[in-house]
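In: Turn this into a model:
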Amino acid sequence: MSKKIGYAVVGLGVGKNHAKAAHASKNADLVAVCDLLQDRLDAVKEFAPDVLTYTDFDEMLKNEDIDIISIALPSAMHAEFAVKAMEAGKNVLVEKPIDITVEAAQKIEEARVRTGKKAGVIHQNRNNANMKPIYDAVWGGKIGKVILGDFAVKWHRTQEYYDNGGWRGTWGMDGGGSLMNQAVHTVDLMQWLMGDVESVTSHMGIYNHDIETEDLTMSIVKFKSGAVANFISSTCIYKPQTGTAIRIYGSNGSIEADSDKLQTWKFMDASETEEAEMLEKYAGNGAAVANDPTLCMGHTSMVENMISAVMNDTDPQILPLEAIKSVRIVNSIYESARTGKTIVF
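Out: The predicted structure follows:
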């Protein structure tokens with residue numbers, strides 16, 4: 001396919017990163033962007049002066065030059081707009097979470113099957129440089145029998161962050177707080193690395209913000225493999241370079257990482273040289289994302305993957321059914337915290 005892929009974005013908060021990635025791609029043209037706020041449209045014009053701007057999504061859908069639309073709206077709007085786009089003949093790349101309920105997310109999968117269009121979902125942390133060796137060590141058996149996981153998203157968000165836009169920290173539009181918005185990426189990594197979840201037992205609360213939803217959760221997660229994990233999410237934790245803990249312990253070794261920085265690589269059959277080489281190679285520097293959400297890294301790889309999928313008629317990296325798993329886990333954690341019961345899958 002020699003023609004460049006026509007790309008568009010709706011929602012120019014985090015969607016601005018999608019637009020930049022599409023504009024920079026050698027295989028795509030950033031054709032159009034859509035948002036209700038003129039200053040956001042103008043900001044895209046600064047790096048893509050020829051882009052068409054829309055405030056009406058239905059009008060943008062009429063543009064026949066558009067092949068892919070990134071859906072980067074508030075979370076509860078993802079399914080509605082993704083389905084509408086696919087029914088208009090467009091492929092879609094949906095920001096995380098795919099939507100805020102399993103039922104809504106399944107509508108995206110149903111539309112994908114019904115229309116034959118492609119639907120991918122953003123979970124870019126799978127593409128952190130250290131994730132491939134960690135995944136290979138776990139699923140390739142190097143770590144031995146997986147016994148314990150420890151995952152913690154201890155971030156900081158100001159009250160102003162929640163007040164801006166009016167949808168963050170609401171059940172209706174955000175679908176949750178620290179867990180659904182910030183930690184859903186790490187929920188995705190947890191289930192991707194450790195396998196299918198069997199049950200969750202959880203606590204949540206509002207500790208340091210004036211919001212509807214929680215700003216802290218603590219959960220014990222049991223997996224069908226028999227392994228267990230501790231999972232924490234919070235937007236109350238203030239300290240320099242607050243990161244994301246990803247720790248997995250097995251019968252033959254231990255792996256610990258902070259975001260994209262590998263911290264521990266200990267195996268019974270590994271030499272000190274191997275450990276030193278791995279720690280040097282995967283030293284990472286992405287922890288700053290935790291304190292500045294505008295720095296969201298990794299979108300380029302996901303946008304390029306989506307462009308490639310349309311060009312080469314292949315599946316996007318993360319399909320809706322895979323993305324639904326993290327939404328099911330998140331909502332089960334909320335249900336457990338509300339009811340005080342263990343939720344069995």
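In: Spell out which residues sit in contact with residue 128, please.
Out: Counting by CB atoms under 8 Å, 6 or more residues apart in numbering, residue 128 touches 259, 260, 284, 286, 298. To be clear about C-beta, it is placed using only N, CA and C from the backbone, and glycine gets the same treatment.
In: Out of those residues, flag the one nearest to residue 174.
Out: Nearest to residue 174 out of the contacts of residue 128 is residue 298 (CB to CB; 21.1 Å).
In: Quick check: buried residues in stretch 211-230?
Out: 211-219, 221-223, 227-229 (16 or more other CB atoms under 10 Å).
In: how far does that stretch stretch from start to finish?
Out: Terminal residues of stretch 211-230 lie 25 Å apart, using CA to CA, to the nearest Å.
In: can you check stretch 147-165 too?
Out: Terminal-residue distance, stretch 147-165 (CA to CA): 42 Å.
In: Give the buried residues for it.
Out: Neighbour-count burial for stretch 147-165 [16+ other CB under 10 Å]: 147, 149, 150, 151, 152, 153, 154, 155, 156, 157, 162.
In: could you dump those to TSV with distance to residue 199?
Out: Shown next, in TSV, are these (distance: CB to CB, whole Å):
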residue	distance to residue 199
147	17
149	14
150	18
151	16
152	20
153	21
154	24
155	26
156	30
157	29
162	31
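In: Mark which of these are part of helices, please.
Out: residue 162 (DSSP state H).
In: what about residue 313, neighbour count?
Out: The local packing of residue 313 (other CB atoms under 10 Å) involves 8 other residues.
In: Same check on residue 83?
Out: Burial of residue 83, expressed as a neighbour count using other CB under 10 Å, amounts to 21.
In: Over to the one 3 residues further on?
Out: Using other CB under 10 Å, residue 86 is surrounded by 22 other residues.
In: hang on, isn't it packed against residue 120?
Out: No - counting by CB atoms under 8 Å, residue 86 sits too far from residue 120 to count as a contact (11.8 Å).
In: what sits in contact with each of these two?
Out: Here residue 86 and residue 120 have residue 92 as joint contacts, going by CB under 8 Å, 6+ apart.
In: quick one, helices of the stretch 151-300 of the chain?
Out: Listed in chain order, the helices of the stretch 151-300 of the chain (DSSP state H, counting those that start in this stretch) span 159-163, 184-194, 272-281, 299-312.
In: Between these, which one is closest to residue 19.
Out: Of those, nearest to residue 19 by CB to CB is helix 299-312, at 9.1 Å.
In: Return the list of helices and strands in contact with that closest one.
Out: strand 5-10, helix 15-24, strand 68-71, strand 91-94, strand 119-121 (3 or more CB pairs under 8 Å, 6 or more residues apart in numbering; DSSP states H and E).
In: okay if I get those as TSV plus mean neighbour count and distance to residue 41?
Out: Output for the helices and strands packed on helix 299-312, formatted as TSV (neighbours: other CB atoms under 10 Å; distance: least, CB to CB, whole Å):
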stretch	mean neighbour count	distance to residue 41
strand 5-10	26	11
helix 15-24	23	10
strand 68-71	30	15
strand 91-94	28	20
strand 119-121	28	24
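In: Domain ranges for the protein, per the record?
Out: 5-121+298-318, 126-294 (automatic domain parsing).
In: Any idea how far apart the tips of the shortest one sit?
Out: End-to-end distance of domain 5-121+298-318: 19 Å, with CA to CA as the criterion.
In: follow-up on the earlier one: can you tell me which of the helices of the stretch 151-300 of the chain is most buried?
Out: helix 184-194 (a mean of 23; mean count of other CB atoms under 10 Å).
In: Return that one as CSV; C-alpha atoms alone will do.
Out: Output of helix 184-194 as CSV, limited to C-alpha atoms (Å, rounded to 0.1, in the frame of the first residue of the first chain):
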residue,chain,number,x,y,z
VAL,A,184,-5.3,1.0,34.7
HIS,A,185,-2.0,0.8,32.7
THR,A,186,-0.4,-1.1,35.6
VAL,A,187,-3.5,-3.3,36.0
ASP,A,188,-3.0,-4.2,32.4
LEU,A,189,0.7,-5.0,33.0
MET,A,190,-0.2,-7.1,36.1
GLN,A,191,-2.6,-9.3,34.2
TRP,A,192,-0.4,-9.5,31.1
LEU,A,193,2.6,-10.6,33.2
MET,A,194,0.9,-12.8,35.8
